[in-house]
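>>> got a predicted structure plus its sequence, pasted below:
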Amino acid sequence: MAGIGFELRKLLRKESYTSLFQAYAYAGIISSGPWILSIIGILAIGMLSVSVVLPNFQIVQFQISVTYIMVTSLVLTGGVQLAFTRYIADRLFEKKDGMVLPNFNGLMLLVIVVCGVLGLLAILTLFREESDAYRVLMLAGFVIMCCIWVATLFLSGMKQYKEIVYLFALGYAITVASSLVLRPLGLEGLLLGFVIGHFVLLMGMIVMTLRNYPSDHFIAFEFLKKGAMYPTLMITGLFYNLGVWADKLLFWYFPDTGQAIIGPLRASMIYDLPVFLAYLAIIPGMAVFLVRIETDFVEYFQKFYDSVRDGGSLDYIEQMRDEMVFTIRQALFEIIKIQSMAVLIVFVAGPTLLDLLGISRLYLPLLYVDVVAAGLQVVLLGLLNIFFYLDKRAYVMFLTALFLILNLGLTAVTLQLGAAFYGYGFAVALLITVVVAMQLLENKLARLEYETFMLQ
C-alpha cells in the first residue's frame, strides 16, 4: 500500500531543501504515529497537572492506566494488523477496491465485540475496588485504542498526506487539551480527556476510509474465510508486539523493580522513564527509514518484479536487482548513521534533559542503554519491512519469535544480575536479532533471481 511512497517521491522530485524537509518531517510524523505523539502527550498532561490534580499520585495512576490500555490493545489486535493489511493489499492489487470498505467495517465490528467483551470481563474481575467512572472509561479507552490500531492500517494507503498529518496533530491536541480542562476531576477527568481525544482521532480515520474506499456494500466478513489471511502474519503481529513489551512487563511484575499503582496495574519507575525518553530519539531514524525504503527501494523493487512479470531481458532484471540491493544497503546505512547521531546527542544532552524533567541523574546509565536499544529497534523495523516486500513471511515470523524469546530470557537474566545490568537484556536481544536478520537478508538477496523464477 504505497500511497505514502507516491507522495514522498512527489515531494523529493522538487529538489529543494524545503521539499526535502517536508518529506522527512511528514515521514517522521507518520512513521512514529501514535507511538511517539502519545508519549509526548502523556508526559505533557502529567507535567501540567501537578498543581491541579491532588493527590499527585493520581497523575501516575493516569499515565500507567493509559500505558496498559495501549499495551493490551496492541497485543490483542496484533494478530490481525499485518494479516488484514495484506488481505486488503491483495484485494487492491486485484482491482477489487469495492471489497475494502465492507471488510474494514466487518473487522471493526469484530474488534469492538471481542475487545469489548474481554475488556468488560477484565474491569468486572480485576478492578472491583475502583470507581465505576474509572472502570467505564478504561473500557471505552481500551476499545477505542483497539479500533485505532486497526484503522491506522489504512492510513498508509491514502494519498491525502497532509490531511493525515493534520489528523494526528488534531487528535493528540484534543487529547491534551481535554485532559487539561477536565483535570480538576482528578484521575477520571484525565482519563475522560484521553477518551475524548482518541475518539475524535478514530472518527477522523473512519471518515477518511469511507471517503477513499466507497462501496455498494456496508459490511462483509470475507477476510474470515479460510485462506483469506496468512497465519504467519497473524503470528508475526502477535510476537512482535509481545516482544517489544516483554522486558517492560517483566520489570513491572518483578518484585524488586515493580510497584503496585492501581488495581492489578504495576509499573517500574526505575525502568519506564528512561525507556519513554529513549523512544523520543527514534524519530529521525524512523523518518529516514520511511523515506528511503518507500522511495528508492520501492522504485527498483517494482521495476525488478515488473520486468520479471512482463518478460524483461536477463541483463535488465539483473541490473534492477543490483540497484535494489544497493538501495537496501544505502537505506540501512543511512538509518544506522542518523540513529547513531541521535544516540550521540542523547549521550551529550542526557544530564541536562534529566535535570529539566526533574529526574535523578542515577537514571543516566539506563537511559544510554535504552537509547541504543531503541536505535536498534528502528534498524530491525527496516529489515522486517524489506522482508515483507520480498514476501518472506516465514523469515519475519522467525525473527519476531527470536526477538520475543531473547528479550524474555535475557531480561530475566539481567533482573537477577542486578541494577547495573538493567536494560542490557532488551538491547542485546535486539542486537542479536538484527545481526541474524542481516545475514538472512544477505542470503536471500544472493538467491533472489533464482528463487523468483524457480519457486513459481
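Structure received.
>>> C-alpha only now, for contacts and for neighbours.
OK.
>>> where does the stretch 151-300 of the chain dip in pLDDT?
153-165 (pLDDT under 70).
>>> where do the helices sit along it?
Using DSSP state H, counting those that start in this stretch, the helices of the stretch 151-300 of the chain run over 161-182, 187-212, 231-253, 269-279, 283-292, 298-309.
>>> which stretches of this protein form strands?
In the chain, strands defined by DSSP state E lie at 259-262, 265-267, listed in chain order.
>>> note down every partner strand of the shortest one and its orientation.
Under the criterion DSSP bridges, strand 265-267 sits next to strand 259-262 (antiparallel) in its sheet.
>>> just how off-centre is the strand it pairs with within its chain?
Distance of strand 259-262 from its chain centroid, counting by Cα atoms, centre = their mean, to the nearest Å, is 26 Å.
>>> tell me who's in contact with the nearest residue to residue 313 once chain neighbours are set aside.
What sits nearest to residue 313 in space, not counting adjacent residues and going by Cα to Cα, 6 or more residues apart in numbering, is residue 307, at 7.7 Å. The contact partners of residue 307, taken as Cα atoms under 8 Å, 6 or more residues apart in numbering, are 313, 316-317.
>>> separation between residue 307 and residue 299?
Distance, residue 307 to residue 299, by Cα to Cα, to the nearest Å: 12 Å.
>>> same deal with residue 178?
Using Cα to Cα, residue 178 is found at 43 Å from residue 299.
>>> how many residues are close by the residue nearest to residue 266 when sequence neighbours are not counted?
Leaving aside its sequence neighbours, residue 266 sits nearest to residue 260 (Cα to Cα, 6+ apart; 4.4 Å). As a burial measure, residue 260 scores 14 neighbours (other Cα atoms under 10 Å).
>>> from residue 254, how far out is residue 260?
11 Å.
>>> ok, now which ones touch residue 285?
So residue 285 contacts 335-336, 338-339, 375, 378 (Cα under 8 Å, 6+ apart).
>>> between the helices of the stretch 151-300 of the chain, which gets nearest to residue 347?
Of all those, helix 269-279 sits nearest to residue 347, with 10.6 Å by Cα to Cα.
>>> quick check: angle from the closest one to helix 231-253?
Between helix 269-279 and helix 231-253, the angle comes out at 130 degrees (axes from the mean of the first three to the mean of the last three Cα atoms, to 10 degrees).
>>> skipping its backbone neighbours, what lies nearest residue 38 in space?
Using Cα to Cα, 6+ apart, the closest residue to residue 38 is residue 172 (7.2 Å).
>>> give me every residue that touches that neighbour.
Residue 172 is in contact with 37-38, 41, 197-198, 201, counting by Cα under 8 Å, 6+ apart.
>>> and which of the residues you listed is nearest to residue 146?
residue 198 (10.9 Å).
>>> so what's the residue count around that closest one?
Residue 198: 23 surrounding residues under other Cα under 10 Å.
>>> from residue 188, how far off is it?
Residue 198 is 15 Å from residue 188, where distance means Cα to Cα.
>>> for residue 387, same thing?
Per Cα to Cα, residue 387 is found 44 Å from residue 188.
>>> and residue 435, by the same measure?
45 Å.
>>> these two: who's more crowded?
Shown here are residue 435 and residue 188; by other Cα under 10 Å, residue 188 has more neighbours (23 against 12).
>>> for stretch 328-342, which positions count as buried?
328, 330-332, 334-336, 338-340, 342 (16 or more other Cα atoms under 10 Å).
>>> more neighbours: residue 178 and residue 299, which one.
Comparing residue 178 with residue 299 by other Cα under 10 Å, the one with more neighbours is residue 178, at 21 against 18.
>>> who touches the nearest residue to that one once chain neighbours are set aside in this structure?
In space, and not counting its chain neighbours, residue 178 is closest to residue 193: 4.3 Å by Cα to Cα, 6+ apart. By Cα under 8 Å, 6+ apart, the contact set of residue 193 is 174-182.
>>> quick one: buried ones out of those?
By neighbour count, with 16+ other Cα under 10 Å, those hold 174-180, 182 as buried.
>>> so how many other residues sit close to residue 387?
Other residues lying near residue 387 total 19 when counted by other Cα under 10 Å.
>>> who's in contact with the residue nearest to it when sequence neighbours are not counted?
Closest residue to residue 387 apart from its sequence neighbours, by Cα to Cα, 6+ apart: residue 396 at 6.7 Å. Contact analysis of residue 396 by Cα under 8 Å, 6+ apart lists 236, 384, 387-388.
>>> which ones among these lie within helices?
Those of the contacts of residue 396 mapping onto helices are 236, 384, 387-388, per DSSP state H.
>>> these: which two are farthest apart?
Greatest spacing in the ones in helices among the contacts of residue 396, by Cα to Cα: 236 and 387 (12.2 Å).
>>> circling back to that earlier point, what's the most distant pair in the contacts of residue 285?
Checking the contacts of residue 285 with Cα to Cα, the most distant pair is 338 and 378, at 10.7 Å.
>>> rewinding a little: check the residue nearest to residue 387 and give its pLDDT.
Residue 396 is assigned 94 on the pLDDT scale.
>>> what separates it from residue 389, distance-wise?
11 Å.
>>> distance between the top helix by length along the chain and the chain's centre?
In the chain, taking DSSP H as the definition, the longest helix is helix 314-356. Chain-centre distance of helix 314-356: 18 Å, with Cα atoms, centre = their mean.
>>> tell me the angle of that helix relative to helix 269-279?
Going by the same axes, to 10 degrees, helix 314-356 makes 130 degrees with helix 269-279.
>>> which other helices and strands contact helix 314-356?
In terms of contact count using 3 or more Cα pairs under 8 Å, 6 or more residues apart in numbering; DSSP states H and E, helix 314-356 is assigned the packing partners helix 283-292, helix 298-309, helix 364-389, helix 448-454.
>>> backbone dihedrals for residue 226, please?
As for residue 226, its main-chain torsions (degrees, to the nearest 10) stand at phi -60, psi 130.
>>> how much space separates it from residue 193?
On the measure of Cα to Cα, residue 226 and residue 193 end up 41 Å apart.
>>> neighbours around residue 151, how many?
When neighbours are counted by other Cα under 10 Å, residue 151 comes out with 23.
>>> wait, it touches residue 202, no?
Yes - using Cα atoms under 8 Å, residue 151 is in contact with residue 202, at 7.4 Å.
>>> okay, and the common contacts of the two?
By Cα under 8 Å, 6+ apart, no residue touches both residue 151 and residue 202.
>>> for the helices and strands packed on helix 314-356, which one ends up most surrounded?
helix 283-292 (a mean of 25; mean count of other Cα atoms under 10 Å).
>>> tell me the angle it makes with helix 298-309.
Using the same axes, to 10 degrees: helix 283-292 against helix 298-309 is 30 degrees.
>>> from the middle of its chain, how far away would helix 283-292 be?
Distance, centroid of helix 283-292 to centroid of chain: 13 Å (Cα atoms, centre = their mean).
>>> alpha carbons of it, as CSV, please.
Extracted as CSV, the C-alpha positions of helix 283-292 are listed here (Å, rounded to 0.1, in the frame of the first residue of the first chain):
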residue,chain,number,x,y,z
ILE,A,283,12.0,10.0,15.3
PRO,A,284,15.0,10.8,13.0
GLY,A,285,15.7,7.2,12.3
MET,A,286,12.0,6.4,11.6
ALA,A,287,11.8,9.3,9.2
VAL,A,288,14.9,8.1,7.2
PHE,A,289,13.6,4.6,7.3
LEU,A,290,10.2,5.5,5.7
VAL,A,291,11.7,7.9,3.1
ARG,A,292,14.5,5.6,1.9
